[in-house]
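In: just the structure for this:
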Amino acid sequence: MEYRKFGDTYMIRFDLGEEILTCLKSFCEKEQIRLASVEALGAADYAAIGVYDLENKVYMQEELHEFMEITGLTGNVTRMNGEVYLHLHGTMADRNHRVHGGHVNALRVGATCEMFVRTLDGEVGRKRNEDLGINTWSFE
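Out: Predicted coordinates for the structure are as follows:
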């Protein structure tokens with residue numbers, strides 16, 4: 001991973017084999033990022049994505065073990081219990097142009113990934129919403 005900062009925005013290049021969520025979390029810790037928006041594209045060779053089942057309060061996860069284009073990766077960086085909290089959604093297209101998408105639980109770079117992380121002043125936390133079964137923004 002390499003990156004440069006331009007104003008309030010970091011440009012990050014993730015390299016072959018890097019796990020994006022792990023690297024992004026480490027990057028945010030190192031740069032002390034407390035609040036940011038994220039957008040990226042690239043290629044992956046593994047993804048674990050989920051769609052939330054509100055009734056049962058669980059993610060229905062799909063694992064993809066193939067080369068795919070990351071056609072869109074978007075989300076945010078906040079904090080929960082003093083730690084970096086990533087919330088990313090993505091769409092990946094396979095060799096047959098079928099698109100898979102959802103909440104990103106894991107994503108490994110298959111060639112490269114180019115990401116913009118735009119930092120925002122301030123901090124937004126998260127807290128558990130028991131009615132929904134997920135962690136939501138907290139403006140306290």
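In: enumerate the positions of the longest strand belonging to the chain that are buried.
Out: The residue-count maximum for a strand in the chain (DSSP state E) belongs to strand 99-119. Buried residues in strand 99-119, counted by 16 or more other Cβ atoms under 10 Å: 100-104, 106-110, 113, 115, 117, 119. Every residue, glycine included, has its C-beta placed from N, CA and C.
In: do stretch 75-86 as well
Out: 75, 76, 77, 78, 79, 84, 85, 86.
In: who touches that stretch?
Out: 21, 24-25, 28-29, 33-38, 87-89, 104, 117, 123-127, 135, 137 (Cβ atoms under 8 Å, 6 or more residues apart in numbering).
In: what of stretch 39-58?
Out: Contacts of stretch 39-58 (Cβ under 8 Å, 6+ apart): 14, 20, 59-74, 90, 92, 100-116, 132-134.
In: report the buried members of the contacts of stretch 75-86.
Out: Of these, these count as buried by 16+ other Cβ under 10 Å: 21, 24-25, 28, 33-36, 38, 87-88, 104, 117, 124-126, 135.
In: which ones among these are found in strands?
Out: Mapping the buried ones among the contacts of stretch 75-86 onto strands (DSSP E) picks out 36, 38, 87, 88, 104, 117, 125, 126, 135.
In: a markdown table for these, including distance to residue 48?
Out: A markdown table is the format used below for these (distance: Cβ to Cβ, whole Å):
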| residue | distance to residue 48 |
| --- | --- |
| 36 | 22 |
| 38 | 18 |
| 87 | 15 |
| 88 | 12 |
| 104 | 8 |
| 117 | 21 |
| 125 | 25 |
| 126 | 21 |
| 135 | 18 |
